[in-house]
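Trainee: I would like the atomic coordinates for the input below:
(one chain, ligands or ions: 2)
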Amino acid sequence: MIQIHGKSAAPGVAIGPLYFYKSESVPISHKKIKDPLAEWQRYLVARDLAVSQLGALAEKARIQGGDTAALVFETHQLMVEDEDFEQRIHEDIFKNLNNASSAVCNASSYYQTMFNNMDGLYMKARAIDMRDIARRLNDILLGRIRGTLHTEVPVILVADDLTPSDTIQLDKNMVLGFVTSQGSPAGHTAILARSLGIPAVVEVGDLLKRRNRGREAAIDGDAGLVIVNPDHRTRERLEQKQAQQAHRRELLTRLKGKENITQDGRAVSLVCNITTPEDLEAVKENDGGGVGLFRSEFLYLRQNDYPSEEDQFLAYREAALQMRGKSVIIRTLDIGADKQAGYFNMEPEPNPAMGMRALRLCLTRPGMFRTQLRAIYRASAFGKLAIMFPIVTAVWELREARKMCQIVMAELEQEGIPYDKNVPLGIMIETPAAVFISDRLAHECDFFSIGTNDLLQYTTACDRQTSGVSRFYDPHHPALLRAIKMVVDSAHAAGIWVGVCGELASDLSMVQTLLALGVDELSVSPGSVLEVRDIIRKTNVSAIRGECVEEIFRDTEREETGEDAGMDTWFASDY
Ligand code: PEP
Ligand code: MG
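Mentor: Ligands and ions are numbered 1, 2, ... in the order given. Sure, this is the predicted structure:
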């Protein structure tokens, strides 16, 4: 059994024989021409054919994978017809007397280099699109046909890289999964694979050797893993995962569009956690009710310098627009602890989880905070935005943060920039301090969202990053559940709503407990929405409330008896 790690590009498990795919490549003949006008006409015919081929592919993609898949080819259509691209080809043919194929190669290389030199995976993925367009135009100019698979059984397709055109033209019934040595999760091939529901792993490098062709392999698209010749246990585990995923797909079709209402008629808000606007597609695809946590720091983490007000405004506006009136809660910058970016020039700290992070950092660097708040308020004119502050430990911190919001609103007012004057302001409950003073905090904000990931780490004094102590980081710890109850009671007494946006909200074994404790909103990863909806719809809250609440006050603590912990390990020579 050989395990190869790549990057997850599309979720799901596929098991089948490996097939090494190589798209035909006939060398381009770079010739000088004598009649530029005739060559230009030849190019225009090829261009028009490319545009209509792309239109047909967009339709095929729409049928197989929906609008997102179609968009890939619609974007290619726009790129082929781009005036600057065409102008370069025109000049190359008329000024340099290069033939059309050469001119297409030259123009496409120019743009590929340009996109590759830009920051961010998204722009690098556009370089691959440009290469795909050039190949299509040259295929037409040279009369080539591509996209054939010579196999009679469905396969896991391995390639150096796949263009979106290769991907959509391959017979979907014959492709169980994709593995590419290059590519990127942000590339359009990955987007297509996701929309088509084909598991995919990219960037495996040259580890998957051709000599493995025909061998059985399994790919785990969620983990970015390729396993050649899986052993019996691995195969069984992956088959189980496959069955669960098939069940989930079933749920997906059955529960889309249904309400999140319990058996006894309680409506629950079920929304999603996202890190960047690119995740919004998954929110819509999984029928999320909005965004309960936009981890805005990822806009900062993917750059080499502070994102400008304009960059941030565009990202938040995108979220507001795409959610079409559904609420989007933007958590202000939560940098620090495990999330560090060099350009912040943070002082080294002996214990960063307890150091300068989140709201503390924002209140210490008000200029930076102001830029983010301005971007959020400007974007609030385009949809339904809310703001939430992370790692709050005292009322004065919340007051200072609110004051900053007021300053920003006054600035925008003066500048005549539109914004929503009633953006709700909430806080994350992530520290024991916030739990204990939740009654006071509740009177000074519009909502609470419980960040159970951090709340558990600070409650149990157990670092969420350190794998050595993971046994002590117990998400079902009664202390955490009691804390949640206390926070819900404080919130409801003050008339505000309370959500959970930490991982506990996606823990299917805990959804009923959270509902019984009175939580009003669950914010989960987009892929969990329908499974959580399924549980909500099957739950009778009034019937289970008493039992669940009693349970957390009973002596329910997970007992780490010798048996549980493994007596052998107690006495092993571990020092
Ligand atoms: C949390 O702490 O539960 C949370 C949602 O925030 P993050 O995981 O981003 O720290
Ligand atoms: Mg947190």
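Trainee: Low-confidence regions, the protein specifically.
Mentor: Applying pLDDT under 70 to the chain flags residues 23-27, 120-121, 144-148, 185-188, 195, 467, 555-575.
Trainee: Would you point out which residue is most central in it?
Mentor: Taking C-alpha atoms, centre = their mean, the centroid of the chain lies closest to Asp279, which sits 4.2 Å from it.
Trainee: Would you check how far apart the residue lying closest to it once chain neighbours are set aside and ligand 2 are?
Mentor: In space, and not counting its chain neighbours, Asp279 is closest to Pro526: 6.7 Å by C-beta to C-beta, 6 or more residues apart in numbering. Just so you know, the C-beta spots here come from the backbone N, C-alpha and C atoms, and that holds for glycine as well. Separation of Pro526 from ligand 2 (C-beta to the ion, to the nearest Å) stands at 19 Å.
Trainee: Ok, Ser525 next?
Mentor: 15 Å.
Trainee: Show me the strands in the stretch 101-250 of the chain, by range?
Mentor: 155-159, 175-180, 200-202, 216-220, 225-228 (DSSP state E, counting those that start in this stretch).
Trainee: so what's the closest residue to Ile219 other than its chain neighbours up against?
Mentor: Excluding its sequence neighbours, the residue lying closest to Ile219 (C-beta to C-beta, 6+ apart) is Gly177, at 4.7 Å. Under the criterion of C-beta atoms under 8 Å, 6 or more residues apart in numbering, the neighbours of Gly177 are Gly12, Ala14, Gly16, Ile156, Leu157, Ile198, Pro199, Ala200, Val201, Ile219, Gly221.
Trainee: who in the stretch 451-575 of the chain is up against ligand 1?
Mentor: Within reach of ligand 1 by C-beta under 6 Å from any ligand atom, the stretch 451-575 of the chain has these residues: Gly451, Thr452, Asn453, Asp454, Cys501, Gly502.
Trainee: Surely the last one touches Gln457?
Mentor: Going back to what we said before, that points to Gly502. No: using C-beta atoms under 8 Å, Gly502 makes no contact with Gln457, being 10.2 Å away.
Trainee: Mind giving me the PyMOL command for buried ones among the residues of the stretch 451-575 of the chain next to ligand 1?
Mentor: To isolate in PyMOL the members of those that are buried, counting by 16 or more other C-beta atoms under 10 Å, one can use:
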select buried, resi 451+452+454+501+502
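Trainee: and which of the residues of the stretch 451-575 of the chain next to ligand 1 is nearest Val268?
Mentor: Cys501 (13.8 Å; C-beta to C-beta).
Trainee: what's near enough to touch the closest one?
Mentor: If you count contacts by C-beta under 8 Å, 6+ apart, Cys501 has them with Asn273, Gly292, Leu293, Met428, Ser449, Ile450, Gly451, Ser523.
Trainee: And for Gly518?
Mentor: Lys485, Val488, Asp489, His492, Val498.
Trainee: what about it, is that helix, strand or coil?
Mentor: For Gly518, the secondary-structure state derived from DSSP: H, G, I helix; E, B strand; the rest coil is coil.
Trainee: The residue nearest to Asp279 contacts Val271, correct?
Mentor: No: applying C-beta under 8 Å, one finds Pro526 not in contact with Val271, separated by 9.7 Å.
Trainee: okay, those two: which has more neighbours?
Mentor: Neighbour totals were compared for Pro526 and Val271, and Val271 leads with 28 against 21 (other C-beta atoms under 10 Å).
Trainee: How many residues are close by the closest residue to that one other than its chain neighbours?
Mentor: In this structure, Val271 finds its nearest non-sequential neighbour in Gly292, 3.7 Å apart by C-beta to C-beta, 6+ apart. By the criterion of other C-beta under 10 Å, Gly292 has 28 neighbours.
Trainee: what about Ile407, which helix or strand?
Mentor: Under the criterion of DSSP states H and E, Ile407 resides in helix 395-415.
Trainee: tell me which residues in the helix or strand just after that helix are buried?
Mentor: Once the chain leaves helix 395-415, the next helix or strand it forms, by DSSP H and E, is strand 425-429. By neighbour count on 16+ other C-beta under 10 Å, the buried set for strand 425-429 is Leu425, Gly426, Ile427, Met428, Ile429.
Trainee: Looks like the second one contacts Ala442 (just checking).
Mentor: No: if you go by C-beta under 8 Å, Gly426 and Ala442 don't touch, sitting 10.3 Å apart.
Trainee: shared neighbours, the two?
Mentor: Phe448.
Trainee: Gln303 - how many residues pack around it?
Mentor: 15.
Trainee: Assign it to helix, strand or coil.
Mentor: Applying three-state DSSP: Gln303 is coil.
Trainee: mind starting the numbering at 828 from now?
Mentor: New numbering, starting at 828: the last item is Gln1130.
Trainee: That one contacts Asp946, doesn't it?
Mentor: Yes: if you go by C-beta under 8 Å, Gln1130 and Asp946 touch, sitting 6.9 Å apart.
Trainee: Quick check: chain neighbours aside, which residue is closest to Glu1086?
Mentor: Ala1094 (7.0 Å).
Trainee: Distance-wise, check that neighbour relative to Gln1069.
Mentor: Noted for Ala1094: a distance of 34 Å to Gln1069, by C-beta to C-beta, to the nearest Å.
Trainee: Which positions within the helix or strand where Ala1206 lies qualify as buried?
Mentor: Assessed by DSSP H and E, Ala1206 sits inside helix 1193-1206. Neighbour-count burial for helix 1193-1206 flags Met1195, Phe1196, Arg1197, Thr1198, Gln1199, Leu1200, Arg1201, Ala1202, Ile1203, Tyr1204, Arg1205, Ala1206 (criterion: 16+ other C-beta under 10 Å).
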